[in-house]
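> next comes the sequence, and after it the predicted model I'd like to discuss.
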Amino acid sequence: MTLVRPVAGSARSEKKSPDRLARLLALGRPIVMGVLNVTPDSFSDGGRFLDPVDAIDQARRMIAEGADLLDIGAESTRPYGGAVPIAEEMRRLGPVLPAIVGLGVPVSIDTMKAEVAAWALAAGAAIVNDVWGLQRDGELARVVAQHAVPVIIMHNREAADPAIDIVADICAFFSRSLDIAARAGIARQNIVLDPGIGFGKTPEQSLTAIARLPELKSFGLPLLVGASRKRFIDTVSPAPPDQRLGGSIAAHLLAVAGGAAIIRTHDVAETVQALRVTAAIGSAR
Ligand code: HH2
């Protein structure tokens with residue numbers, strides 16, 4: 001199979017500066033990252049945006065609704081979702097990523113593969129989002145360093161272990177990832193940390209990770225939380241993924257109160273509204 005090549009013109013239309021994320025973070029309000037999965041099997045939006053026209057429409061809609069960043073993924077991170085070959089991941093991204101890069105907000109590429117990240121950065125992506133925190137593909141840290149772009153380091157585990165202190169495990173994982181990043185030459189100001197809600201955690205541990213988010217501030221790095229539509233919500237208040245908006249918003253508001261700087265969500269309009277009202281009430285004291 002031939003790999004889809006990045007469109008050079010689109011790549012140029014995106015000013016790829018690490019400062020773009022820093023500028024957003026300096027706004028002093030929570031940053032909203034809209035999720036776009038160009039996959040057949042993502043747990044909540046799988047199959048909805050496989051057609052590039054639908055994907056680009058959805059990206060436009062999320063920007064109009066107030067997304068500051070977009071996170072595009074072409075491989076579901078669902079457990080047992082099945083690994084997607086590199087060529088297939090790029091084939092799914094090929095018609096979509098360069099067009100979305102041209103829409104004007106920074107785009108992050110949700111991939112754990114160095115080759116896909118390098119391709120996406122050449123096509124204009126501005127951030128790498130690795131759900132294995134630079135610990136899965138040994139080349140990924142080098143690609144991030146070479147392009148001098150921000151990277152989201154997310155905590156993950158092969159399997160949940162209900163017996164462990166999940167926050168201690170997250171901290172140890174972050175320390176290992178930060179060592180890998182430092183050795184590769186990734187600047188510390190280009191790193192965002194994410195406790196990985198729903199990844200290698202029991203539902204109770206996902207709740208704990210949000211409740212104890214303030215402890216992760218000790219790294220002195222911006223925190224991202226993505227609780228959107230995740231299964232832990234169902235265990236508290238049973239509902240299928242497309243009916244977990246209330247739980248997602250509750251989790252995200254508490255995450256922001258606990259120190260999250262970036263919220264990753266499928267439901268941009270509702271999340272932006274909830275964050276704005278929370279901020280307005282906060283400043284009306
Ligand atoms: N969650 C998912 C995927 N990528 N990246 C970060 N940094 N943080 C997250 O919490 C996170 C993530 C899972 O959500 P989704 O993309 O909707 O599902 P799928 O992986 O099935 O495509």
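Alright, I've got the coordinates.
> the ligand contacts on the stretch 151-285 of the chain?
By CB under 6 Å from any ligand atom, the residues of the stretch 151-285 of the chain that approach the ligand are 152, 154, 194, 196, 197, 224, 226, 264. (Glycine included, C-beta is placed from N, CA and C.)
> what helix or strand is the last one located in?
Which is residue 264. Here residue 264, judged by DSSP states H and E, is contained in strand 260-265.
> and stretch 193-210, which residues are buried?
For stretch 193-210, burial by neighbour count (16 or more other CB atoms under 10 Å) applies to 193-203, 205-210.
> my bad, should have said stretch 42-51
Neighbour-count burial for stretch 42-51, counted by 16+ other CB under 10 Å, picks out 42, 43, 44, 45, 46, 48, 49.
> need the max-distance pair from the residues you listed.
Spatially, the most separated pair among those is 43 and 49, at 13.8 Å (CB to CB).
> where in the stretch 51-200 of the chain is pLDDT low?
The model of the stretch 51-200 of the chain has pLDDT under 70 over residues 79-82.
> can you rerun that using 80?
For the stretch 51-200 of the chain, residues meeting the criterion pLDDT under 80 lie at 78-82.
> got the residue ranges for the strands in it?
69-73, 107-110, 127-130, 151-154, 191-194 (DSSP state E, counting those that start in this stretch).
> tell me the first helix or strand C-terminal of the last one.
It stands for strand 191-194. Past strand 191-194, the next helix or strand by DSSP H and E is helix 203-211.
> elements contacting that next one?
Contact here means 3 or more CB pairs under 8 Å, 6 or more residues apart in numbering; DSSP states H and E; on that basis helix 203-211 packs against helix 166-184, helix 231-236, helix 245-257.
> that one vs helix 245-257, what angle?
With axes from the mean of the first three to the mean of the last three CA atoms, to 10 degrees defining the directions, helix 203-211 sits at 40 degrees from helix 245-257.
> give the rounded mean pLDDT of helix 203-211.
Here helix 203-211 scores 98 as its mean pLDDT.
> related to what we said a few turns ago, Serialize the helices and strands packed on helix 203-211 to CSV and add fields for distance to residue 74.
Converted to CSV, the helices and strands packed on helix 203-211 look like this (distance: least, CB to CB, whole Å):
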stretch, distance to residue 74
helix 166-184, 23
helix 231-236, 22
helix 245-257, 23
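> which other residues reach stretch 138-145?
For stretch 138-145, contacts defined as CB atoms under 8 Å, 6 or more residues apart in numbering pick out 112-115, 117-118, 121, 128, 130, 134, 151, 180-181, 183-186, 190.
> now which of the residues you listed would you call buried?
The neighbour-count test (16+ other CB under 10 Å) marks 112-115, 117-118, 121, 128, 130, 134, 151, 180-181, 184, 186, 190 as buried among these.
> pick out whichever of these sits closest to the ligand.
Comparing the buried ones among the contacts of stretch 138-145 against the ligand with CB to the nearest ligand atom places residue 130 closest, at 7.8 Å.
> looking at it, residue 71 is touching residue 36, isn't it?
Yes - the criterion here is CB atoms under 8 Å, and residue 71 meets it with residue 36 at 6.9 Å.
> could you confirm whether stretch 111-122 reaches the ligand?
No - Stretch 111-122 stays clear of the ligand (CB under 6 Å from any ligand atom), getting no nearer than 9.7 Å.
> and that stretch, C-alpha only, in CSV?
The C-alpha trace of stretch 111-122 is given here as CSV (Å, rounded to 0.1, in the frame of the first residue of the first chain):
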residue,chain,number,x,y,z
THR,A,111,-0.6,8.4,18.2
MET,A,112,1.8,6.1,20.0
LYS,A,113,3.9,5.6,16.9
ALA,A,114,7.0,7.6,16.0
GLU,A,115,6.5,7.2,12.3
VAL,A,116,2.9,8.4,12.3
ALA,A,117,3.9,11.4,14.6
ALA,A,118,6.7,12.4,12.2
TRP,A,119,4.4,12.2,9.3
ALA,A,120,1.7,14.2,11.1
LEU,A,121,4.2,16.9,12.2
ALA,A,122,5.4,17.2,8.6
